[in-house]
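**Student:** Take this sequence and fold it.
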Amino acid sequence: MKNLFLALLFLTVFSLSGAFKADISLNKADGFYKCGEKAVCKILIKKDGKPLAGDTLRVILKDEGKIILKKDFKTDGKPVSISHTLTHPGWLYFGVELLDENGNPRSGKGIRKHRLNPTIITEIGAIFDAGKIRGTADKPADFDSFWQQKRAALDKIPLKAKLTPLPSGDKNVKLYAMEIPCGISRPATGYLAVPANAKKGSTPAIVEFLSWSSVDASRKSAVNKAKQGFLSIHATWHGFPVGKPKSFYKKSIPPVIRGGRKFIDDRDKWVMGEVYLRVMRALDFIKSRPEWDHKTLVAAGGSLGGAQAAAAAALDKDVTIALVGVPCFAEFDTRKSGRIKSIPHRTAPAVLKGDTKPLEAAAYYDLIHLARYITCEIFVCTGFTDQLCPPSNVIAFYNALNPKCRKTLSTNPRTGHFGTTKNVKGIQRLEKLVNSITVFNYTEK
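**Tutor:** Prediction:
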């Protein structure tokens with residue numbers, strides 16, 4: 001497994017938005033350890049190019065997201081060193097704060113790496129016995145029949161897409177706003193982009209899925225993929241019309257949907273469960289297009305988009321390549337494993353009160369259970385500082401993948417969520433595919 005991991009430089013310098021710079025490293029560059037091995041973390045904070053001396057750093061250690069140690073260090077111009085190990089397979093996180101004269105963590109400009117951790121000046125993570133990290137929740141006994149019934153119900157709905165032509169900004173690309181009925185609360189929506197001169201059966205297809213943001217799908221991404229020679233869809237998760245201003249989505253998508261909690265205890269009505277049905281319908285539609293070559297179908301996305309790409313690969317055997325970046329929806333029920341629950345169940349009031357119905361409903365959508373149905377080529381990525389979609393959850397999904405699939409994992413001990421972790425090997429695979437496509441452009445007469 002180790003030869004699949006992304007090799008990294010031993011030391012990376014993070015430039016912050018102010019005068020501070022933080023150097024952070026581990027004694028193992030890739031961040032992978034065996035249980036019992038010590039992960040040694042070294043930290044050096046500089047201001048205006050000079051190492052801090054006389055200031056106080058606080059290092060926070062977390063085991064699977066739970067704080068296990070806070071330790072303060074007085075800086076003396078030399079690197080601070082702290083070590084720890086885990087005796088169980090899992091994820092260890094190191095976060096660093098810079099304290100002010102009153103002993104409070106500094107925040108704001110020059111300190112904050114991202115909005116979820118405004119006091120963290122730098123961070124890094126480690127994984128212990130990655131190959132032994134496994135999902136522990138039981139798959140529902142009727143899991144297969146549940147999805148067979150969903151597929152049968154979807155097949156009864158006519159595949160009649162509403163396509164509205166839009167300007168693409170490129171004479172060689174035809175662009176459409178797309179709406180496809182799914183028999184649920186909202187249709188599958190997105191942008192369809194088609195190479196203007198594509199012949200019947202000539203074009204590989206790609207469906208990219210929007211992450212968990214209440215925004216429009218990416219017109220630009222759909223067009224760019226078509227310019228590269230793909231029959232392309234960029235799909236929303238929410239099912240609202242594309243092409244609207246930001247204010248529309250903020251106003252139209254209510255918090256109960258934005259937060260993924262509507263009907264959270266009902267496996268048939270859960271609002272995020274419907275997302276998978278929209279995934280299936282988008283795939284149905286792109287496969288119905290005459291331009292598709294019936295050979296290559298790519299599903300790709302990050303975060304919720306990554307979960308959708310994984311679901312696409314599990315629920316549609318025509319998917320040939322899946323790019324699954326920092327996915328959520330891996331491990332909703334972690335009562336046995338002790339790891340962090342996937343969003344939105346992590347903070348759902350019903351779950352926090354001890355109600356198990358939401359966990360039982362979510363089991364039908366858990367990537368851990370869907371993983372064994374994935375047999376295509378798949379590229380997964382995770383960052384070891386990702387506290388939204390933790391790396392141990394993602395690795396549990398990766399380890400659950402069907403042995404028949406060709407799988408590759410890209411990792412980075414210093415990156416987290418929000419676009420910071422790149423699906424390096426997946427991007428390379430897509431670039432190779434792009435280079436194999438012959439794109440014929442119109443010649444003006």
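
**Student:** ok, what's across the strand from residue 67?
**Tutor:** residue 62 (DSSP bridges).

**Student:** Surely it and residue 60 touch.
**Tutor:** Yes. Counting by CB atoms under 8 Å, residue 67 touches residue 60, with 6.2 Å between them. Every residue, glycine included, has its C-beta placed from N, CA and C.

**Student:** out of those two, which sits in the busier spot?
**Tutor:** residue 60 (19 against 11; other CB atoms under 10 Å).

**Student:** Now that one, what are its backbone angles?
**Tutor:** Recorded main-chain torsions at residue 60 are phi -110, psi 130, according to degrees, to the nearest 10.

**Student:** how far away is the closest residue to it other than its chain neighbours from residue 121?
**Tutor:** Distance criterion CB to CB, 6 or more residues apart in numbering; nearest residue to residue 60, sequence neighbours excluded, is residue 95 at 4.3 Å. According to CB to CB, to the nearest Å, residue 95 and residue 121 sit 9 Å apart.

**Student:** Show me which of those two is the more surrounded one.
**Tutor:** Remark: of residue 95 and residue 121, residue 121 carries more neighbours, 27 against 22, as counted by other CB under 10 Å.

**Student:** so how far is the helix or strand encompassing that one from its chain's centroid?
**Tutor:** Assigned by DSSP states H and E, residue 121 belongs to strand 120-128. Its chain's C-alpha centre and that of strand 120-128 lie 18 Å apart, by CA atoms, centre = their mean, to the nearest Å.

**Student:** repeat for stretch 201-220
**Tutor:** The answer for stretch 201-220 is 14 Å, by CA atoms, centre = their mean.

**Student:** before we move on, what about stretch 222-236?
**Tutor:** 20 Å.

**Student:** Could you tell me the end-to-end distance of that stretch?
**Tutor:** Criterion CA to CA, to the nearest Å; first-to-last residue distance in stretch 222-236 is 12 Å.

**Student:** Show me what the mean pLDDT comes to for the strand holding residue 121.
**Tutor:** Here strand 120-128 scores 96 as its mean pLDDT.

**Student:** Likewise for stretch 242-253?
**Tutor:** Stretch 242-253 comes out at a mean pLDDT of 96.

**Student:** do the same with stretch 28-40
**Tutor:** In this model, stretch 28-40 has a mean pLDDT of 98.

**Student:** So which bits of that stretch are buried?
**Tutor:** Residues 28, 30, 31, 32, 33, 37, 39 are the ones in stretch 28-40 that count as buried (16 or more other CB atoms under 10 Å).

**Student:** give me the low-pLDDT residue ranges for the stretch 251-400 of the chain?
**Tutor:** Residue ranges of the stretch 251-400 of the chain with pLDDT under 70: none are present.

**Student:** what are the ranges of the helices in it?
**Tutor:** Applying DSSP state H, counting those that start in this stretch to the stretch 251-400 of the chain gives helices spanning 255-258, 273-288, 304-315, 349-352, 357-362, 367-370, 391-400.

**Student:** Check those helices for me and report the most buried one.
**Tutor:** helix 304-315 (a mean of 28; mean count of other CB atoms under 10 Å).

**Student:** Show me what that helix is packed against.
**Tutor:** Applying 3 or more CB pairs under 8 Å, 6 or more residues apart in numbering; DSSP states H and E, one finds that helix 304-315 makes contact with strand 203-209, helix 273-288, strand 292-302, strand 321-325, helix 367-370.

**Student:** quick one, phi/psi of the most centrally placed residue in the chain?
**Tutor:** Closest residue to the average C-alpha location of the chain: residue 303 at 2.4 Å, with CA atoms, centre = their mean. Note on residue 303: its backbone torsions stand at phi 60, psi -120 [degrees, to the nearest 10].

**Student:** All the strands of the stretch 1-150 of the chain, residue numbers only.
**Tutor:** Taking DSSP state E, counting those that start in this stretch to define them, one finds strands in the stretch 1-150 of the chain at 12-15, 20-26, 32-33, 39-47, 50-51, 53-63, 66-76, 80-84, 90-99, 120-128.

**Student:** And the stretch 151-300 of the chain, by the same measure?
**Tutor:** Assigned by DSSP E, counting those that start in this stretch, the strands in the stretch 151-300 of the chain fall at 162-166, 173-180, 188-195, 203-209, 231-235, 292-302.

**Student:** Buried deepest among the ones you listed, which one?
**Tutor:** strand 231-235 (a mean of 29).

**Student:** That one: partners in the sheet, and parallel or antiparallel?
**Tutor:** The strands beside strand 231-235 in its sheet (DSSP bridges) come out as strand 188-195 (antiparallel), strand 203-209 (parallel).

**Student:** Not counting the shortest one itself, show me its contacts.
**Tutor:** Counting contacts by CB atoms under 8 Å, 6 or more residues apart in numbering, the residues outside strand 203-209 that touch it are 194-195, 218, 221-222, 225, 229-235, 237, 279, 282-283, 286-287, 289, 291-293, 295-301, 304-306, 308-309, 312, 433, 437.
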